[in-house]
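**Q** Generate a structure from the sequence data that follows.
(4 chains)
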2 protein chains.
Amino acid sequence: MNTNSQFAVAIHTMTMLACRYPEALTSEFISCSVITNPVVIRRLLGDLRRAGLVESRSGNGGGWRLRKLPHQITLLDCYKAVQEDPLFSLPTQPPNPHCAIGRSMTKALRGLFDEAESALEERLAQTTLEQIVNGVTGEMPYKKVDK
Amino acid sequence: MNTNSQFAVAIHTMTMLACRYPEALTSEFISCSVITNPVVIRRLLGDLRRAGLVESRSGNGGGWRLRKLPHQITLLDCYKAVQEDPLFSLPTQPPNPHCAIGRSMTKALRGLFDEAESALEERLAQTTLEQIVNGVTGEMPYKKVDK
DNA sequence: GCGTTATGTAACTATCCCGGTTACGATTGG
DNA sequence: CCAATCGTAACCGGGATAGTTACATAACGC
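**A** Residues are numbered from 1 along each chain as shown, chains lettered A, B, ... in the order given. The predicted model follows:
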């Protein structure tokens, strides 16, 4: 399906921010871990900011940091932030309206795809950045804060 | 994600075969409902045949038909038949092994993506072609057979 | 056997998307 | 003022998608 790796890079990026929370990291620094161009990371972080997940500061000493605690951010948040298109696409050309099946196919597919996507999103909502950080580092490198 | 519509066309195609089961339909006929080139449909049906879901006969009076009853074929079967790539891709260039996070990111992402994909597939496995046909036509246009 | 109808598949193409890159203005801190 | 950093536009190359043409192969009816 998607041959694009934005979701993967988004998780990688958010995991780094979560590990150093509440420190701010530069796109340059993050791009060294992902091994890509800093602009690619900034583009991605732009999407994540539009979703309210991160904030940035320009200039000397600037960078990016989370706007919530790692346990308050789920994979679904990251997914929605970088995934504008639905999971499965319909053909650009709609089916033949003179065919009984063609006539109802678009609506049927929308329903099926919506349900499938919901199942996926439910699962993504169950994993938080905190859990990923725990899995990656074996410990929480930032101070825990009571809710 | 994937911007490709193969899964959608596969469902459309299989729904047509299910509606007329056990009749055989030609790629030409199916392409008229989908509104595309017959070769596109044949390529797709080739994948579905490799998965054991359909069979074909060349020559005059030939065409394509299901190899199972509509209630025995799920959306997951269709999905696996046409979707060779995993749902989410990792970056072609693996992360920096000199970074603690980069080092464990690939494995972590694989696990997360596998779980998400499983959730999706579980949902897809719950819908059969028969159900889709019912939703599309309001009735079953082929003879039901006891299991 | 011949003609017709289909499949099976290769090859070519136009279009689009993704990721990488350069460039440069705006912002911030020292 | 200078250095560091974001924000964003612009461009490019590679790859995928889907549409198209072409043609060899197969099966059926006469």
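**Q** From the contact counts, what lies against the lowest-mean-pLDDT helix or strand in chain A?
**A** Within chain A, no helix or strand scores below helix A:129-137, which has a mean of 90 by mean pLDDT, DSSP states H and E. Judged by 3 or more CB pairs under 8 Å, 6 or more residues apart in numbering or on different chains; DSSP states H and E, helix A:129-137 is in contact with helix A:6-20, helix B:100-124. Glycine gets a C-beta too; all of them are placed from N, C-alpha and C.
**Q** just so I know, which of these lies nearest DNA strand C?
**A** Among the helices and strands packed on helix A:129-137, helix A:6-20 comes nearest to DNA strand C, with 4.8 Å by CB to the nearest atom of the strand.
**Q** Geometric centre of chain A: which residue is closest?
**A** Residue closest to the average C-alpha location in chain A (CA atoms, centre = their mean): A:Cys78, at 2.4 Å.
**Q** which residues touch A:Ser5?
**A** When contacts are counted by CB atoms under 8 Å, 6 or more residues apart in numbering or on different chains, A:Ser5 touches B:Phe88, B:Ser89, B:Leu90, B:Pro91, B:Thr92.
**Q** In PyMOL, select just the buried ones from those.
**A** Buried subset of these, written as a PyMOL selection, criterion 16 or more other CB atoms under 10 Å in any protein chain shown:
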select buried, chain B and resi 88+89+90+91
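**Q** pLDDT score assigned to A:Lys143?
**A** Looking at A:Lys143, its pLDDT stands at 43.
**Q** Likewise for A:Leu44?
**A** 98.
**Q** Could you figure out how far the host helix or strand of it is turned away from helix A:6-20?
**A** A:Leu44 is part of helix A:38-50 when elements are defined by DSSP states H and E. Angle between the axes of helix A:38-50 and helix A:6-20 is 80 degrees (criterion: axes from the mean of the first three to the mean of the last three CA atoms, to 10 degrees).
**Q** Contacts (any at all) between DNA strand C and helix A:38-50?
**A** Yes. Contact of helix A:38-50 with DNA strand C (CB under 7 Å from any atom of the strand) involves A:Val39, A:Val40.
**Q** ok, back up a step: in JSON lines: the helices and strands packed on helix A:129-137, plus mean pLDDT.
**A** Compiled in JSON lines, the helices and strands packed on helix A:129-137 are given as follows (pLDDT from 0 to 100):
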{"stretch": "helix A:6-20", "mean pLDDT": "97"}
{"stretch": "helix B:100-124", "mean pLDDT": "96"}
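**Q** For the residue lying farthest from the centre of chain A, which three-state class applies?
**A** Among residues of chain A, the one most distant from the C-alpha centroid is A:His98; the distance is 40.5 Å, by CA atoms, centre = their mean. Judged by DSSP: H, G, I helix; E, B strand; the rest coil, the three-state class of A:His98 is coil.
**Q** ok, now A:Trp64?
**A** Put simply, A:Trp64 is strand when judged by three-state DSSP.
**Q** Could you report the pLDDT at it?
**A** For A:Trp64, pLDDT reads 98.
**Q** which residues touch it?
**A** Counted by CB under 8 Å, 6+ apart, A:Trp64 has contacts A:Leu17, A:Ala24, A:Leu25, A:Thr26, A:Ser27, A:Ile30, A:Leu45, A:Val54, A:Glu55, A:Ser56.
**Q** Please apply the same query to A:Leu53.
**A** So A:Leu53 contacts A:Met14, A:Leu66, A:Arg67, A:Lys68, A:Ile73, A:Asp77, A:Cys78, A:Ala81 (CB under 8 Å, 6+ apart).
**Q** again, 10 Å this time
**A** By CB atoms under 10 Å, 6 or more residues apart in numbering or on different chains, A:Leu53 lies in contact with A:10, A:14, A:17, A:45, A:47, A:66-68, A:72-73, A:77-78, A:80-81, A:129.
**Q** Mark which of the residues you listed are buried, thanks.
**A** A:10, A:14, A:17, A:45, A:47, A:66-67, A:73, A:77-78, A:80-81, A:129.
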